[in-house]
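Chemist: the following block contains a protein sequence and its predicted model.
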Amino acid sequence: MSYPSRSAYIPIAVMASSIVAFSSASASQIPHGAASRQTTPARPATPARVISPPRTEAITVNARPNHPHLAAHTGLGALGTRSEFDTPFAISTVSAAAAARVQAIDINDLFRTQPGVQENSNGGATASGASFRVRGLDLDWTNGYKIDGFSIPYWYIDLPIGNFQQFQLVKGASAFLYGFGSPGAVLDFQLKKPVDTRVASVEAGYRSDSAFRQSFDVGGPLDKSGHITARLTANNEVGKIYNQGWIRETSVSGALRDQITRNLAWHADAFYLNTLQDGMINGVTVSSKLTSLTPISGRLPLGSAESWKRNDFKHFNTGFDWDFADNWSTKVSYAYTHLDERFPSNGLTFLDNRGDYLNQPFQQTRVFGYHQAQDVTEGRFRTGALHHDVVAGVMWLYQRFDADANAGFTAPIQYGNIYTTRPTATNGTNYRPRLYHYVDYTQVAPFWSDTITWHKFSLLAGARYTDYIENDYATNGSGRRTAARRNNPVTPVVSLSYKPVPWINAYFSYIQAMQSGTQAAATARNAYQVFSPIRSDEYEIGVKMQRRRWTTTLAAYRLDTIAAYVDSNNVQQQGGDVRYQGIEAAGTFQAMRDLEISGSFTYLDARYGSGTPYAGRKVESTSPIEASFATYYTLPFARAVTLNGGFTYASSGWLNPSNSFYLQSYLIGRIGTQYTTRIDGHRLTVRAALDNISNERYWVSRGALQLFPGAPRTVSLSARFEL
């Protein structure tokens, strides 16, 4: 297969050519005086008689972009639309404004200060993308990531931050809210939506060592009545990064909404991403004979210069929102997602603490196709003194996964030292994929929930029934079906909340989760083996407090599930018990008008139980203690300037389930600044940030004996001009 051309991308200048025409056209449709009005936040999508066009625009950053963040309403799958404060589960929500002020590049940057979240892959050091664990568990690569609530395949990719207006991480309740998925959490990327007043902006950015980014964002009404609104966003980044790799990432998203009648609206949302990464590695492992490994600089090149990876990702969803009666509404929608991942690369294994390695060519090809349809109806009514908020619906999801029969390691074996010799052996120039139908899943799942409120008490009860069908096929590409699994689980949820005063919500919740069985990695000896579905149970007790100047959340949880691990013979196993239990706390305090302080703390005790060879030992790649701190300060004598800084800490842990390989702790600091001014009446925002200010060397880990060097000291700059 020929090497992909670096020039085969959509120039941002070509995409940007539409911004002037769109801005002029939409401006001409705005009623007199509307152009001067500030864009208003989105109203909660509660069941109301009138559907208003969405009005979300959360890019303009002020001193307190998240206040009061617990009160914001958002869609929560089978729970319908409600505020974070009223939800009896731990939720972390990051807005586009919050992402902008820390210049977030990927999801690790977004959630680095959130409790219970630990980075486990550095997207800049490997082509595997950024990822994290939540409460000690990986998110489900097949079902744990969403766009606008629809499942997407998130197999080692990065979605650009600039196309989304909000990022929502829901912990513990994923299976009931969205169907099969990891009990740790589910992450929903929410695309930028149409707005009812014109917005238009362009942005340019830079990050170490020489990657340059350009983007534009434009939206507004398309007709004089304002019934038809739209949004178009495009991003492009090209250049070298700090580990001598090269990236090109182009993304475009569009949204259209038509308020057909007073009570009926239609919407369509689309997202496209194409990436090419050169000189990046698939993964780094360590010899099972080692008990520790000194961290290396994230600037060292681990991938062969001729290794490459291409991702082609498409997502589309459409549907109708209908308010068919007072306090009752229904949403019918359909989504399609496709991911084509081509990855001829190399795999590196460290042999000792001196930097000696074994390198082999490696290739991996994966193609996913998802179809999903759902109907969600929600409403409210009273029965005497009881107030009911009811949500009912049904979801259908079909997922197909095509794999590469030629995936894995090949000859020749290369030996070298990472400090003196860059790996050269790769499949980048000898890529011969052979795709076959690997596995497919079908889910049909009706669900129901009722939140019954009586004075200060609320009882949530619900259940999801899933008709789950899985077909597995021979890994040699013959097309022979090797297994057919069918499960019909009912996963219940129950929660009791108590509000002694309106600004305090104390809750207890119990939920069962189901997720697809483990899929052995291409690097395991039993590569691509598929295991049976997994059931888990989680208990959580917590309290949320929301005041004008401060917010606090506190949660304690226990999660019991089936263990999945790679044993000392590099064989993927599933069986036995594992327990994750811990405490999470987070808070934000507006100490003064110009000073905001926030922090979080996490304690996690994750241990293997009976039925495994590691009973009583700690789960690999987890840190018992995590903490973060962040502050934002607007200079009183120069109010156009805001300073920010903070740190993230992760304690030491273990790299293997036998707890013989020690993983060091780390402390990463960050500082940044923002300057805002106006040029001819248009806002200009300039930002700068310095990450890992001490240039600390540290490891992050995705699983047993898998390591990735953390990012070194890096600089990022950006300038955004609102037209």
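Modeler: In hand now; what should we look at?

Chemist: only C-alpha atoms from now on, for both contacts and neighbour counts.
Modeler: Noted.

Chemist: in what helix or strand does residue 601 lie?
Modeler: strand 595-608 (DSSP states H and E).

Chemist: over to residue 176?
Modeler: Assigned by DSSP H and E, residue 176 falls within helix 174-178.

Chemist: just name whatever secondary elements that helix is in contact with.
Modeler: Helices and strands touching helix 174-178, as assessed by 3 or more CA pairs under 8 Å, 6 or more residues apart in numbering; DSSP states H and E, comprise strand 490-498, strand 504-515.

Chemist: partner strands of the last one, parallel or antiparallel?
Modeler: Meaning strand 504-515. strand 490-498 (antiparallel), strand 534-546 (antiparallel) (DSSP bridges).

Chemist: give me the contacts around it.
Modeler: 85-86, 88-89, 140, 172-176, 179-183, 489, 491-499, 533-546 (CA atoms under 8 Å, 6 or more residues apart in numbering).

Chemist: which is the next helix or strand following the longest strand along the chain?
Modeler: Counting residues, the longest strand found in the chain (DSSP state E) is strand 356-383. Remark: after strand 356-383, the chain's next helix or strand is strand 386-404, criterion DSSP H and E.

Chemist: list the strands paired with that next one, with their directions.
Modeler: Strand pairing for strand 386-404, determined by DSSP bridges: strand 356-383 (antiparallel), strand 435-454 (antiparallel).

Chemist: mean neighbour count, distance to residue 482 and mean pLDDT added to those, as JSON lines?
Modeler: Below are the strands paired with strand 386-404 laid out as JSON lines (neighbours: other CA atoms under 10 Å; distance: least, CA to CA, whole Å; pLDDT from 0 to 100):
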{"stretch": "strand 356-383", "mean neighbour count": "21", "distance to residue 482": "19", "mean pLDDT": "95"}
{"stretch": "strand 435-454", "mean neighbour count": "21", "distance to residue 482": "10", "mean pLDDT": "95"}
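
Chemist: mind putting those strands into TSV with distance to residue 565?
Modeler: Putting the strands paired with strand 386-404 into TSV (distance: least, CA to CA, whole Å) gives the following:
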stretch	distance to residue 565
strand 356-383	21
strand 435-454	21
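
Chemist: reformat the helices and strands packed on helix 174-178 as JSON lines; add mean pLDDT.
Modeler: Shown next, in JSON lines, are the helices and strands packed on helix 174-178 (pLDDT from 0 to 100):
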{"stretch": "strand 490-498", "mean pLDDT": "93"}
{"stretch": "strand 504-515", "mean pLDDT": "92"}
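
Chemist: which stretch among the ones you listed comes nearest residue 245?
Modeler: Shortest distance between residue 245 and the helices and strands packed on helix 174-178, using CA to CA, is found for strand 504-515: 35.3 Å.

Chemist: give me the distance between the closest one and the centre of its chain.
Modeler: Here strand 504-515 is found 21 Å from its chain centre; the criterion is CA atoms, centre = their mean, to the nearest Å.

Chemist: just stretch 707-717 next, same as before
Modeler: Centroid separation for stretch 707-717 versus its chain: 19 Å, with CA atoms, centre = their mean.

Chemist: that one: which residues count as buried?
Modeler: Neighbour counts over stretch 707-717 (16 or more other CA atoms under 10 Å) mark 707, 708, 709, 710, 711, 712, 713, 714, 715, 716, 717 as buried.

Chemist: repeat that for stretch 322-329.
Modeler: For stretch 322-329, by 16+ other CA under 10 Å, it's 322, 323, 327, 328, 329.

Chemist: so who does the residue lying closest to residue 305 once chain neighbours are set aside touch?
Modeler: Spatial nearest neighbour of residue 305, chain neighbours left out: residue 279 (4.2 Å); criterion: CA to CA, 6 or more residues apart in numbering. Going by CA under 8 Å, 6+ apart, residue 279 touches 244, 245, 246, 301, 303, 304, 305, 306, 307, 308.
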